[in-house]
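[1] Sequence and predicted structure below; questions after.
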Amino acid sequence: MQVFIATPEGKLGSVIQQVLADQNFPCQRVNYGKGLLSHASNQAFDAAIVDLAVSDAGGLNTLRALRMAQVRLPILVVSRHGASDLRLKALDAGADDFMQYPLAGPELVARLRTIIRRHNGHSSSRIQLGNLAVDLETASASFAGRRLILTKSEYRVLEVLALQKGRAVSEEDLMQKLYHGNDMPKPGIISVFIAALRSKLFAASSNPCWIRKIYGYGYILG
């Protein structure tokens, strides 16, 4: 999973960034409201953390602008103030969840996983497709209870496909999810990961059709 953090300059944003990195949450940090607006439309990100102190467009106004622009990215709002009226305003403005400083790392990560999976239509952090299970909490996959040995990139591709269960994901979107627009490898790397996943899923299940390619749309799991 990949998130971006919109916070003021300072130590707190760095703390959040480190907590997410420790929990296998790749992240980027944005310090201004305009940065938030541009990052929100980037398919590389699964969610955003927005500090209401971000003042380029105003925290609540930025949230409203995102939702009016039909940005559907799940957003977790954080604030130094926890008054109930502020929480209500943030939720009404389009936030999916709200937390108050000081932030507890495990709770922050759990809340992010929750809004991401709910955004994608999953009620549990364990996504089940027949005997195949993808566990978002442990970043692992198993078949019929036996763990699949996957590289980090193979797991990430499988996770993206599992989150989009029943929907095709383009190679371009998979590239963005894996590399976030930075140090992009040569074209064709996604097909290499897909081939490796197909081979490992076939070895576990004798089913060659776990990942299908829908020409003109992308890859679909199941």
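    Done, it's in.

[2] mind checking the SS state of Thr61?
    Thr isn't right for residue 61; it's Asn. Following DSSP: H, G, I helix; E, B strand; the rest coil, the label given to Asn61 is helix.

[3] what's the spacing between it and Ala95?
    13 Å (CB to CB, to the nearest Å). C-beta: built from backbone N, CA, C; applies to glycine.

[4] Need the pLDDT of Ile16.
    Listed pLDDT for Ile16 reads 78.

[5] Let me know whether it touches Ile5 as I believe.
    Yes: between Ile16 and Ile5 there is a contact at 5.5 Å, judged by CB atoms under 8 Å.

[6] Overlap in contacts, these two.
    By CB atoms under 8 Å, 6 or more residues apart in numbering, Ile16 and Ile5 have these common neighbours: 27, 49.

[7] From the contact counts, what lies against whichever helix or strand Pro106 is part of?
    Per DSSP states H and E, Pro106 falls inside helix 105-119. For helix 105-119, the packing partners by 3 or more CB pairs under 8 Å, 6 or more residues apart in numbering; DSSP states H and E come out as helix 11-22, strand 47-51, strand 75-79, strand 97-100.

[8] Figure out which of the ones you listed is closest to Leu221.
    Nearest of these to Leu221, taken as CB to CB: strand 47-51 at 20.7 Å.

[9] Show residues contacting that closest one.
    By CB under 8 Å, 6+ apart, strand 47-51 touches 1, 3-8, 12-13, 16, 36, 39-40, 59, 62-63, 73-79, 95, 112, 115-116, 119.

[10] Apply 6 Å and report the result again.
    3-7, 73-78, 112, 116 (CB atoms under 6 Å, 6 or more residues apart in numbering).

[11] repeat for stretch 200-219
    By CB under 6 Å, 6+ apart, stretch 200-219 touches 143, 148, 168-170, 194, 198, 220-221.

[12] Buried ones only from these, please, as a PyMOL command.
    Per 16 or more other CB atoms under 10 Å, the buried members of those correspond to this PyMOL selection:
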select buried, resi 143+148+168+169+194+198+220+221
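
[13] Among the contacts of stretch 200-219, which pair sits farthest apart?
    Going by CB to CB, the pair spanning the contacts of stretch 200-219 furthest: Phe143 and Ser170, at 25.7 Å.

[14] measure the nearest residue to Leu66 once chain neighbours are set aside to Leu73 for me?
    Nearest residue to Leu66, sequence neighbours excluded (CB to CB, 6 or more residues apart in numbering): Ala40, at 5.5 Å. Shown here: Ala40 relative to Leu73, a distance of 5 Å by CB to CB.
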